[in-house]
Structures are given as structure tokens and as C-alpha cells.
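1. give me a model of this one.
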Amino acid sequence: QVQLVESGGGLVQPGGSLRLSCTASGRTFSSYDMGWFRQAPGKEREFVADIKWSGRTTYYADSVKGRFTISRDNAKNTVYLQMNSLKPEDTAIYYCKEVAPNHRPVNVFASWGQGTQVTVSS
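-> Have a look, this model is predicted:
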């Protein structure tokens, strides 16, 4: 399977912003619904946001609604997550993955990547 590659994480102060990117080498995911997930230390991986293959429909977890924006550029084979007004509770490793209509991750063409660490701290 193709591996997804996430990037753009880092250390940011509360209230700051980051933009994450996700791509897949050797495989286009333009026809797949894609999502972002995160896993904080000691917690299970949780859903953050997803976007239909067309880019026309998005869905967010309540905890990030109004602060995060998911988007995609199929020509660049990239999915983005713009994160604004970051809070310490957003600290986690962030992953992208193909998703099912019920917003759960599925294994269609790619395995989980390494993720990208986001740390929100003063």
C-alpha cells in the first residue's frame, strides 16, 4: 500500500496557527474522501475533519468547528488542514487517511503515515 505523508506540524503558542499538509507518493487520491485524525498522548485516535473527493463538502468534529478548515488541491494531490486559534488541548500527532461516509478511517489504498506532531504551549 501507498503511505501517506503528513507535514507542517510544530510548536506554536496558544492562539497561533499552523497549516498541515498530506500527500501520497506514487498514488493519486483525487477520487477519495479524505480526513484528518489526531492522537494525543494516552488517548485514542480521534476524528478531526474530512472532505469529499470533490472538495465541495466538509465535516468537522465539534471540538474544532469554527477554528480548523480542511481543503484539498487534487491537482497537487494534497489535502490541507488550516488550524487557527490553537489551544493546548489540540496538542497531538495529526494523521490523514481515506475515510468512509461515516467519517471513520478505511484502508483502501494507503496505510497510516507517521503523522506530524502539533504542540500548543506557551
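
2. what's whatever helix or strand Phe37 lives in packed up against?
-> Element membership for Phe37 (DSSP states H and E) is strand 34-39. If contacts are counted by 3 or more Cβ pairs under 8 Å, 6 or more residues apart in numbering; DSSP states H and E, strand 34-39 sits against strand 18-24, strand 46-51, strand 68-73, strand 78-83, strand 92-98. No exception for glycine: its C-beta is placed from N, CA and C like everyone else's.

3. now those in CSV, with distance to Ala110?
-> As requested, those are exported to CSV (distance: least, Cβ to Cβ, whole Å):
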stretch, distance to Ala110
strand 18-24, 6
strand 46-51, 15
strand 68-73, 15
strand 78-83, 12
strand 92-98, 6
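
4. which one of the ones you listed lies closest to Val2?
-> For Val2, the closest of the helices and strands packed on strand 34-39 is strand 18-24, at 5.0 Å, according to Cβ to Cβ.

5. quick one: the closest one to chain centroid distance?
-> Put simply, strand 18-24 sits 7 Å off its chain's centre (Cα atoms, centre = their mean, to the nearest Å).

6. pull up the pairing partners for it, direction included.
-> Strand 18-24 sits in its sheet next to strand 2-7 (antiparallel), strand 78-83 (antiparallel), going by DSSP bridges.
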